[in-house]
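Participant: fold the stuff below for me.
(one chain, ligands or ions: 2)
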Amino acid sequence: MSPTSRAGSPPEVGVLLPAAGQGERAGAGELKQFRPIRGVPMLLRAVRPFAQHPRVRQIVVALPPEFAARPPVWLKDLIGERLQVVAGGATRPESVAQALEHLHPACRIVLVHDAARPFVGGDTIDAVIAAAETGSGAVAAVPVGDTLKQVDAAGERVKETVDRRGLWRAQTPQGFPRALLEEAYARRGETGDVTDDAQLVERLGRAILVIRDHTTNIKVTTADDFVLAEALAAR
Ligand code: CTP
Ligand code: MG
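Facilitator: Residues are numbered from 1 along each chain as shown. Ligands and ions are numbered 1, 2, ... in the order given. This next block holds a predicted model:
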C-alpha cells in the first residue's frame, strides 16, 4: 500500500527545480545558480525551504548535463531518497519535463520553482500547495508597481504607457495537481517562448489561482540582482 492511500493523510508534494540554465544575463564566471550569496550557493538557498517542508516528499533538481553527471560537493551531500539530480534540457520547459519524468508516483501535487529564486517564504509555499489541492493550478505573483512603457524594438523610444491595472508579475513556486501538469507537458509541442508552467496549463483552458507573494521573492537574473540578493540574505 502506498503512503498516500492511508486514510486522511494529505497528498504528498513533489518539487521540480529547474537549474539547468546557462545564466547568460548574469555575465561571465561561475554559473549563476551555483554562485554564492553570502557564502551559500543560490541553488542551495532555493532548495532549503522545500527540503525543510513537512509535506515535501521529493525534490528533483535539473542541472546542466555536465553537472548532473558530477554535481557540486555541497549538493552531492543532499542527494538521496528525497533529492535527486537529473540532466536538464536546452530550454526551461525541457528541463522541467525531464524533472517531471523522475517524479515519485506518490507525489500527487507538484510544485515548480526556479533555482534563480533563493528567497521564497514558507507561507508562499503553503498557500500554493493549498491552492493546487483544490484542483486548479496556482501561481505566486506580485501586482506590478511600476509605470509600464511600451518601447520600440530598438529600446530607444517610448511608444506608449501601458495601463498596469490587473497586471501581475508571475513568480515561482507554481503548483499543480500532478495529472494537470503532466497533461500540460504532454501537449506542450514547441514551447521555446514559454517562460512559466502556468502558461502551459492556461492553454488547456484550466484555471490558475493567484497567490499574492512577497516582492522579496526576487528572481536573480543579472549581476545587479546579486547585489540585491546579498542585501536580502543579510536580513
Ligand atoms: N533553466 C533550466 N534549463 C534551461 C534554461 C533555464 O532549468 N535550459 C532554469 C534556470 O536554471 C533558472 C530558471 O530556469 O533556474 C529560470 O531561468 P532564467 O532565470 O532565465 O535562467 P537562465 O536561463 O540560466 O539565464 P539566462 O536566460 O540569462 O541565460
Ligand atoms: Mg533563461
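Participant: for the residue in the chain sticking out farthest from the centre, list the residues it contacts.
Facilitator: Computed with CA atoms, centre = their mean, the residue of the chain farthest from its C-alpha average is Arg157, at 33.2 Å. Residues in contact with Arg157 (CB atoms under 8 Å, 6 or more residues apart in numbering) are Val151. Any C-beta I mention is one placed from the backbone N, CA and C, and that applies to glycine too.
Participant: where does this protein have low pLDDT?
Facilitator: Scanning the chain for pLDDT under 70 picks out the ranges 1-7, 191-192.
Participant: got the residues of it near ligand 1?
Facilitator: With CB under 6 Å from any ligand atom as the criterion, the chain meets ligand 1 at residues 18-26, 33, 62, 88-92, 95, 114-116, 219, 221.
Participant: among those, name the buried ones.
Facilitator: Buried subset of the residues of the chain next to ligand 1 (neighbour count, 16 or more other CB atoms under 10 Å): 18-21, 23, 26, 33, 62, 88-89, 91-92, 95, 114-116, 219.
Participant: find the nearest non-adjacent residue to Gln171, please.
Facilitator: Ala140 (4.5 Å; CB to CB, 6 or more residues apart in numbering).
Participant: could you look up the SS state of the residue in the chain positioned nearest to ligand 1?
Facilitator: Distances between the chain and ligand 1 by CB to the nearest ligand atom are smallest at Gly21, namely 2.0 Å. What DSSP: H, G, I helix; E, B strand; the rest coil gives for Gly21 is coil.
Participant: wouldn't it be in contact with Arg92 here?
Facilitator: Yes. Between Gly21 and Arg92 there is a contact under CB atoms under 8 Å: 7.0 Å.
Participant: what helix or strand is Ala179 on?
Facilitator: Ala179 is part of helix 178-186 when elements are defined by DSSP states H and E.
Participant: which residues make contact with that helix from outside it?
Facilitator: 14, 93, 96-97, 100, 103, 107-110, 112, 135, 137, 176, 197, 200-201, 203-204, 206.
Participant: list the buried ones in it?
Facilitator: Within helix 178-186, the residues that count as buried by 16+ other CB under 10 Å are Arg178, Leu180, Leu181, Glu182, Glu183, Ala184, Tyr185.
Participant: tell me the bridge partners for Val112.
Facilitator: Assessed by DSSP bridges, Val112 has beta-bridge partners Leu16, Gln174.
Participant: got a list of what it touches?
Facilitator: By CB under 8 Å, 6+ apart, the residues touching Val112 are Val15, Leu16, Leu17, Pro18, Val96, Thr172, Pro173, Gln174, Gly175, Phe176, Leu181, Asp197.
Participant: quick one: it from Thr161, how far?
Facilitator: 33 Å (CB to CB, to the nearest Å).
Participant: repeat for Gly89
Facilitator: From Gly89 to Thr161 the distance is 38 Å (CB to CB).
Participant: show me where this structure has its helices.
Facilitator: 42-51, 65-69, 73-76, 92-101, 122-132, 178-186, 197-202, 223-233 (DSSP state H).
Participant: among those, which comes closest to Thr147?
Facilitator: Of all those, the one in closest proximity to Thr147, counting by CB to CB, is helix 223-233 (20.0 Å).
Participant: quick one on the thing from earlier: can you lay out the helices of the chain as CSV showing distance to Gln58?
Facilitator: What follows is the helices of the chain, written out as CSV (distance: least, CB to CB, whole Å):
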stretch, distance to Gln58
helix 42-51, 10
helix 65-69, 16
helix 73-76, 15
helix 92-101, 10
helix 122-132, 14
helix 178-186, 12
helix 197-202, 17
helix 223-233, 26
